[in-house]
Each structure stands twice: as structure tokens, then as C-alpha cells.
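Asker: Okay, here's the prediction I keep looking at, along with the sequence it came from:
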Amino acid sequence: MMEILVAWTIGLLTACGIYLTLRGSSFPVVVGLMLLSYAVNLFIVATGRLTVGRPPIVAAGVTAYADPLPQALVLTAIVIGLATTVFAIVLALAASVPSVDDAVDVPASPREASPRR
Amino acid sequence: MTHAAIVSVLVPFACAALMLLVGDRHLRVQRALGLASCVTLVVIAITAILRTSSGAVEVYRLGDWPAPFGIVLVLDRLAAFMLALTAIVAGAALAAALTADPVWDTRGRHFHPLFQLQLMGLDGAFVTGDLFNLFVFFEVLLVASYCLLVHGRGAGRLRSGFHYVAVNLAASSLFLIGIALLYAATGTLNFADLAVRVPRVAAADAGLLHVAALVLLVVFAVKAAVFPLCLWLPRAYAAAAPPVAALFAIMTKVGVYAILRLQGSVFDAGAVGPWLLVGAIATAAFGALGALAAPTLAGMTGYLTLASIGTLLIAVGAGSSAGSSAALYYLAHSTLVTAALFLLADRIAAQRGGDGFRPSPPVDQPAVLGTLFLIGAASVAGLPPLSGFIGKLAILQATATTPSRPWLWSMLLATGLLTMIGLARGGSALFWKTADAIAPAARGGLPPLAPTVGLLALGAALALLAAPVQRFADAAAAQLAEPRLYASSVLRATDEPTARPLPLEPRP
């Protein structure tokens, strides 16, 4: 049951990701890439075999262990995926908006430049 | 245990960190650091070549964890060869960026730190002995390349930049899928351990291994820009700042390197050879035809990069030791000459106000630039006596006994002819079709040409010293063809006295 659920989730995420990645504008592409990376992360976890309630670290009196390596791999993959996605978002914004100004309190025109009361 | 492998990663990393601390306001310090880093890398690479030329495989265990469990950096002949090529191209690209007018580091922020991080990713990808670690270094070099690509902003750069980023992010997802499949099938990601375990994979898991090999081939094909996964390359390279494009000349070779590295183990089991050859032929054809149609010299050089990748992969796809050796020689030649052409395109564009093939003011130094262009073009097209000719001859010889020889040879020779026609057309338009009675758009000096001259001189040296270089390439290919040797050097590390067995005490 768990296998079917995980497989369906990965498949659905991948399908949505591919569909969105093939769209013509940059925002759906970024969302699609995010969904793809979620699907990949789930897939990496699944390669350590789907088990419940097994420790990944050696402990006394335990005979069955979960594979710790995919968990380490997926942590790295999550961090890298997040960073690159953020970069893609910034790049998409910079390409579509001529001047991205994220300053909170910079006045719009020089006339308003007087200090606030 | 020597530290050459880790130092080649740490030097650019430390320099990048220092540059960020110093900040963009002290460009002189950043420039000095960058040049020092490049010189250091050249020295490290040369010593690495000297030390590995005896056939030694130097293993660096990170944290001193024994080999298949911890991450290792491995320095063998192939890695040392790639390190040397990277350091040389990086030095020339940095020199070109600094001699340009205005200097490239003043046209955007953080040029030098990004450049060093890119070098760190490249060097790391070449020395790592672990597939997941290769993914991490791929990401390091890609993130740096994303930023370098859009350096000195402009609408064109941002647009082609987004294409490039999207394609590579999708490829990264595929890379992870391939890695996960391979881990599921073999239980390891260490190159040496893979070479041992892939032949022993159970018959039930053979399908999984096959899929993993094909997925990884697609990923490396994206990185190496193999047709039809290469459409991002010409536009991105033509839009990049010329010194950056010159550095990128080595970046596509990372994909070729990864294919070479995995060929003995994973790719053999996956039977990817035919796919590789079909992709290689299509890439060579696409690159040569694109070079005929390109409207600018930088664009044409982008397509020539593709044609050279196709030629390289024809040699790699031959699957023999002779093929790998010929591929290594051609890889060095094509990287040096393509980088030189990107830099030369920049100088020509600066002097005649654009490198488009249409009438415009004459260049200021027609004799010098024309000679350099002639040397570069003849070398790329594979005319004797330059390095391209020797490289192509070696590839022709290496593929002489393969059953698909008629296809491979006709494509190799046709690519050379088409390239020559394209370059002749481009060169005559650039140097002879001048709008009369107009002064050159800008004066030219000799110092900005030095990096181009240096790269082309190295290309010529590659032709003059073809015998020793080919001997080294032969030895590197032999080392690749015998993965057992590599595996025993890496995995032997567990027998050394420093690697004690882990105390297996029960946790409280």
C-alpha cells in the first residue's frame, strides 16, 4: 500500500513538473522545476527501501536498519535544489521586471527624499 | 597521501572567500588574488601531471574515512590532464578579462569570486572519486556559471541565461534520478567501488542498471551539449562575456569527462555505445551546419564548439582505448582553440564595432588579427600542420576498425569541410568586406591580444609536441580501460594502518 502511494505521488509530481516546465513563461517553469525536485527527493528516499520504524544508526539490540545513505543524499539534494530554485526565481524576475528594487523605505522620486517626521 | 587533489579545490575556494571579504571596492587586491590563484593552479596541475605520469593513482580520503564509505578525491592521469587544461584556459580567460577595455570586473559585481568558484567546481568535478560528489561539484560550477553568464547585464544575456538555468536545473533533477537508480541497483556511488560491483549486479537488477546508465548518459549529454540537447549552447555562449565564454569552453568538456570516467564500468553495462555514436554524429552535423549559418563570429564559435563536441564523442563512442586516447588529444586541442577564437572574436568586434558578417569599418590591426584568425580557423577545421589535423587523424585511425566506419568517417570529413567553408566565408566578410573611408571603430593595442596569442601558441605547441602528449593520452586511456587498477588503488586504502576499524560500542 505504502509503495503504491509513494509511487503515485512521485509520478504525479513528476507529471505536473514536466507539464509546467514545458510552459512558455518563466513563472510556471520555475514552479515546474520545484515540483520536479520534490519528486526527485521523494525518489531518492525511496531508493533506501521503504521501511517504517527502523533506526539508521547502529544501536544495541537492533537487527534491522534503515539505509542511512539516501537520507544523507536527500538532505544535500534538498539544500542544493532550494538554492538553485531561488536563483532561478531571481533570474526570472530580473529578466521580466526591468529594475528590481526591493528597498523598503527608499522614496520613489527625489522630491520625496526629505526625512520623515 | 599527498594533498595535490584537495589543494586544487581549496585554492580557488579560499581565494573566492578572501575576495568576498575584501569586497568589490578593492579590485586591485581581487585581481592580484585571482591571478595568483590561476598561477598556483597551473603549478599544481603541472606537478600533478609529472607525478601521475608514472601511472600512480593518488587517493585523498576526506576525513580519513576508508574508501567506499567516505568521500575520496582521486588524482590519476586523466584528472591531472583535465586540471592542467582548466588552469591554462582559466589563466588566459582571466588575463583577457583584465586586459579588455573597460576591464570586465568593473562591468558588474563579484566577477572575480564567481570566476574562482567556477574554477573550484571544475577542479572538484575532475578530481572527485564519487558520483554524488560529482553532482555537488557540477552544481557549484553551474551556479557560478549562471552568474558569470549574466555578468555585465543586458536583456539578451538575461533571456539566454534563463534558458540555460532552466535546462540545467531539469538536467540536475535527472542526474539525481540516475544517481538514485544506480545506488538502488549497486549500493554504492564510489567510482572505484562501482567498477567492482557493476559486473556483479544480480540479473533481476540489470534492468535498473540499464535505465540508470541511460539516464546518466542523457544528463552528461546535456552538460556536453549533444544534439538534440544542445540548443541552449550557441545562444548562451554568444551572449556571454567573451572571457567567460572562453572559460565555458572547458565547461562542456566536463560532460565528456564524466562519460569517459564512467565508460569502463556503468556505461559498458548499460550498452550506451550506439546511442552515443548517433548523438555524436548528429551533434557534429548540427554544429557544422550552424557554423555555416551563424551571423556573427562569436555565434559561429559557439556552433564550432558543438562540432568539436560531436567529433570528440565520435572518438569516445568508438569505445576503444585508442578512441579514448584520440579523444583526449582532441579535447585539449578543441578547448584551447575554441577559447582562443572566443577571445579573438571579442578583439575583432572591439576594433570594427561588431563581429557580424556585414560591411563595417576595417579592423585597426588587419595583419595581426588576420594571421591569428587564419591560425585559429585552420586549426579548428583540421588543416595540417596544426593540432586539429593531428587530433582528427588520430580519431580517424581509432575508428578505422569499427563497423560504423563509413558513417563516422564521412561525418568527420564533412564536418571539416563545412567548418572550413564557414570560416572562409566569415573571415573574408570580417577582414575584406569593409565599408570604405571609415576609420576603425577603435584603436587596438598588442597587450589585449596576448591571451589569444598564448592560447594559439599552446595549440601550436600541442602540434609540435604531439608525440609526448599522445603518449600521455595513450597512458591515460590505458588507465581508464583498466578500471581494476584504479579500483584497487582507491579501495586498498582500507588496508593502511591509519584506517582503524570503527569501535562498535552500543549507544546509551
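Answerer: Yes, it's here.
Asker: Now do the helices in chain A.
Answerer: For chain A, the helices defined by DSSP state H occupy A:2-21, A:26-47, A:68-96.
Asker: For chain B, give me its nearest residue in chain A.
Answerer: residue A:60 (3.4 Å; CB to the nearest CB). All C-beta atoms are positioned from the backbone trio N, CA, C, and that covers glycine.
Asker: Up against chain B, what does chain A have?
Answerer: For chain A, the contact set with chain B under CB under 8 Å from any CB of the partner chain comprises A:17, A:21, A:26, A:29, A:33, A:36-37, A:39-41, A:43-44, A:46-47, A:57-61, A:69-70, A:73, A:76-77, A:80-81, A:83-85, A:87-88, A:91-92, A:94-95.
Asker: give me that answer again for 6 Å
Answerer: A:29, A:33, A:36-37, A:40, A:43-44, A:47, A:59-60, A:73, A:77, A:80, A:84, A:88, A:91-92, A:94-95 (CB under 6 Å from any CB of the partner chain).
Asker: Any regions of the chain where pLDDT drops low?
Answerer: No chain specified, so I'll use chain A. A:97-117 (pLDDT under 70).
Asker: wrong one, chain B
Answerer: B:1, B:153-157, B:270, B:436-441, B:493-508.
Asker: Contact residues of it facing chain A?
Answerer: Within chain B, the residues that sit near chain A (CB under 6 Å from any CB) are B:132, B:139, B:158-159, B:161-162, B:165-166, B:169, B:173, B:176-177, B:180, B:183-184, B:506-507.
Asker: Export the helices of chain A as TSV, with columns for distance to residue B:151.
Answerer: Below are the helices of chain A laid out as TSV (distance: least, CB to CB, whole Å):
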stretch	distance to residue B:151
helix A:2-21	26
helix A:26-47	20
helix A:68-96	13
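Asker: Out of those helices, which gets nearest to residue B:422?
Answerer: helix A:68-96 (31.1 Å; CB to CB).
Asker: Compute the inter-axis angle for the closest one and helix A:26-47.
Answerer: With axes from the mean of the first three to the mean of the last three CA atoms, to 10 degrees as the basis, helix A:68-96 and helix A:26-47 are set at 180 degrees to each other.
Asker: Now do the residue of chain A closest to chain B: how many residues are near it, please.
Answerer: 9 (other CB atoms under 10 Å in any protein chain shown).
Asker: What residues of stretch A:79-92 count as buried?
Answerer: Residues A:80-81, A:84-85, A:87-89, A:91-92 are the ones in stretch A:79-92 that count as buried (16 or more other CB atoms under 10 Å in any protein chain shown).
Asker: with those in mind, which one is nearest to residue A:9?
Answerer: residue A:81 (16.9 Å).
Asker: can you pull the contacts of residue B:229?
Answerer: Contact analysis of residue B:229 by CB atoms under 6 Å, 6 or more residues apart in numbering or on different chains lists B:221-222.
Asker: Assumed it was part of a strand.
Answerer: No. Residue B:229: not assigned to a strand; according to DSSP: H, G, I helix; E, B strand; the rest coil it is coil.
Asker: how much space between it and chain A?
Answerer: 14 Å (CB to the nearest CB, to the nearest Å).
Asker: For that residue, what are phi and psi?
Answerer: Main-chain dihedrals, residue B:229, degrees, to the nearest 10: phi -100, psi 20.
Asker: Ok, residue B:150 next?
Answerer: The phi/psi pair for residue B:150 (degrees, to the nearest 10) is phi -90, psi 10.
Asker: Neighbours of it, how many?
Answerer: Using other CB under 10 Å: residue B:150 sits among 26 other residues.
Asker: In this structure it contacts residue B:162, no?
Answerer: No. Contact between residue B:150 and residue B:162 fails when scored by CB atoms under 6 Å: they sit 9.0 Å apart.
Asker: rewinding a little: just name the most buried of the helices of chain A.
Answerer: Among the helices of chain A, helix A:26-47 has the highest mean neighbour count (mean count of other CB atoms under 10 Å in any protein chain shown), at a mean of 21.
Asker: Got phi/psi on residue B:360?
Answerer: phi -160, psi 180.
Asker: where's it relative to residue B:354, distance?
Answerer: 6 Å (CB to CB, to the nearest Å).
Asker: do the same with residue B:171
Answerer: 33 Å.
Asker: Which one's more surrounded, those two?
Answerer: residue B:171 (21 against 15).
Asker: for the helix or strand containing the more buried one, packing partners?
Answerer: Residue B:171 belongs to helix B:155-186 when assigned by DSSP states H and E. Here helix B:155-186 touches helix A:26-47, helix A:68-96, helix B:131-149, helix B:206-224, helix B:232-239, going by 3 or more CB pairs under 6 Å, 6 or more residues apart in numbering or on different chains; DSSP states H and E.
Asker: JSON lines for those helices, including distance to residue B:306?
Answerer: Below are the helices and strands packed on helix B:155-186 laid out as JSON lines (distance: least, CB to CB, whole Å):
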{"stretch": "helix A:26-47", "distance to residue B:306": "24"}
{"stretch": "helix A:68-96", "distance to residue B:306": "24"}
{"stretch": "helix B:131-149", "distance to residue B:306": "17"}
{"stretch": "helix B:206-224", "distance to residue B:306": "10"}
{"stretch": "helix B:232-239", "distance to residue B:306": "6"}
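Asker: of those helices, which approaches residue B:37 most closely?
Answerer: When these are ranked by proximity to residue B:37 (CB to CB), helix B:131-149 comes first, at 13.8 Å.
Asker: Contacts for that closest one, please.
Answerer: By CB under 6 Å, 6+ apart, helix B:131-149 touches A:73, A:80, B:71, B:114, B:117-118, B:121-122, B:124-125, B:128, B:161, B:165, B:168, B:175, B:179, B:189, B:240, B:244.
Asker: In CSV, could you pull the C-alpha coordinates for it?
Answerer: Taking Å, rounded to 0.1, in the frame of the first residue of the first chain, the C-alpha atoms of helix B:131-149 are listed here in CSV:
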residue,chain,number,x,y,z
LEU,B,131,29.3,10.2,-8.3
PHE,B,132,27.2,12.1,-5.8
ASN,B,133,30.2,14.4,-5.1
LEU,B,134,30.4,14.9,-8.8
PHE,B,135,26.8,16.1,-8.7
VAL,B,136,27.7,18.6,-5.9
PHE,B,137,30.6,20.0,-7.9
PHE,B,138,28.5,20.2,-11.0
GLU,B,139,26.1,22.3,-9.1
VAL,B,140,28.9,24.5,-7.8
LEU,B,141,30.3,25.2,-11.2
LEU,B,142,26.8,25.6,-12.7
VAL,B,143,25.7,28.2,-10.1
ALA,B,144,28.9,30.1,-10.7
SER,B,145,28.4,29.8,-14.4
TYR,B,146,24.8,31.0,-14.2
CYS,B,147,26.0,34.2,-12.5
LEU,B,148,29.0,34.6,-14.8
LEU,B,149,26.7,34.2,-17.9
